[in-house]
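Peer 1: test case, fold it:
(one chain, ligands or ions: 1)
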Amino acid sequence: MERYGQRLLSPEWGAEGARLATMAAVCDPETISLLERLGLDASWRCLEVGAGGGSVAAWLAERVAHVTATDIDTRYLDGLNAPNLAILRHDVTSDPLPEQSFDLVHARFVLEHLRERENVLDRMVSWLAPGGLLVVEAFARLPAVSTPHPGFRDIMDALIKTLNLTIGTDTDWPWTFPAPLHERGLTGIGAAANIPITGGANASAQCWTLTLTQMRPRILELGLASADSLDRALDLLGDLAFFDFATATIACWGYRS
Ligand SMILES: C[S@@+](CC[C@H](N)C(=O)[O-])C[C@H]1O[C@@H](n2cnc3c(N)ncnc32)[C@H](O)[C@@H]1O
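Peer 2: Purely as a prediction, here's the structure:
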């Protein structure tokens, strides 16, 4: 069965670094404000799972004692350089890490893409030290019933369906937050949703443009949208006057007792 990065969202794709950078530009402010609100201690050892372009890992490394940034493909992390930052090629679904060894375990836009997400969550909890903080962020399909741009919404639905049929992404799973943390006995649990605006050719519009461009052949192959409707959505994303909400980001967090 195809997995994240094998064909869809492949790190080999020429603009993948740019795609990860636009994702960071859209989402880092929310992630950072959440982590600041929850509170980091300078003594902490932190694990950033599926670190992508490494912006969150780099930010953490300026504030805590040690950061381990993992990814199944670390090419976009190789430029990071901090004495307290370790980069590890690591498959979160199967590769080992020492139990109870991190004060913070964070993953953004990783688990929703993995069919083994429930098992991955078990593994991430097992890597937390007693009292350690787990933070999971995932992107979620918008159940909004109204949009000024139904054609754009249809393309976002086609994109999400293509991810689901091809690599098993589940963008409804984040709407169950924070139940997966309750089920694992975490305490001090919370959750919050953020819906960034996509438009005015902002970083979110650029990120969706790149994602749609990368996924276009597969969307067409599955017959989930026409070439014309994809072109119209890409035109809208480049239009300074276009604004709409594409997806939500849902975060949940909790502490291991
Ligand atoms: C959508 S990107 C998110 C990157 C980064 N976390 C962010 O939010 O900016 C998903 C990342 O998860 C990584 N990934 C996918 N499957 C993985 C796995 N099984 N183990 C570890 N990382 C994985 C990908 O290589 C990619 O860097």
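Peer 1: count residues in the vicinity of the closest residue to the ligand within the chain, would you?
Peer 2: Nearest residue of the chain to the ligand, counting by Cβ to the nearest ligand atom: residue 52, 2.4 Å away. In short, each C-beta sits where N, CA and C put it, glycine included. Look at residue 52: counted by other Cβ atoms under 10 Å, it has 25 neighbours.
Peer 1: can you check residue 217 too?
Peer 2: Count around residue 217 with other Cβ under 10 Å applied: 11.
Peer 1: quick one on the thing from earlier: which stretch of helix or strand covers the residue of the chain closest to the ligand?
Peer 2: Residue 52 belongs to no helix or strand when assigned by DSSP states H and E.
Peer 1: which non-adjacent residue is nearest it?
Peer 2: Of all residues not flanking residue 52 in the chain, residue 20 sits nearest, at 4.6 Å (Cβ to Cβ, 6 or more residues apart in numbering).
Peer 1: got the phi/psi numbers for the one you found?
Peer 2: Torsion angles at residue 20 (phi, psi; degrees, to the nearest 10) stand at phi -70, psi -40.
Peer 1: right, and it touches residue 76 too?
Peer 2: Yes: counting by Cβ atoms under 8 Å, residue 20 touches residue 76, with 5.7 Å between them.
Peer 1: is residue 86 in a bridge, and if so with what?
Peer 2: residue 68 (DSSP bridges).
Peer 1: show me the strands in the stretch 51-200 of the chain, by range?
Peer 2: Counting by DSSP state E, counting those that start in this stretch, one finds strands in the stretch 51-200 of the chain at the ranges 66-71, 85-89, 102-108, 128-141, 187-194, 197-199.
Peer 1: with distance to the ligand added, can I get the ones you listed in TSV?
Peer 2: Below are the strands of the stretch 51-200 of the chain laid out as TSV (distance: least, Cβ to the nearest ligand atom, whole Å):
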stretch	distance to the ligand
strand 66-71	5
strand 85-89	9
strand 102-108	4
strand 128-141	7
strand 187-194	13
strand 197-199	16
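Peer 1: pipe those strands into CSV and attach mean neighbour count per row.
Peer 2: Output for these, formatted as CSV (neighbours: other Cβ atoms under 10 Å):
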stretch, mean neighbour count
strand 66-71, 24
strand 85-89, 17
strand 102-108, 25
strand 128-141, 21
strand 187-194, 14
strand 197-199, 19
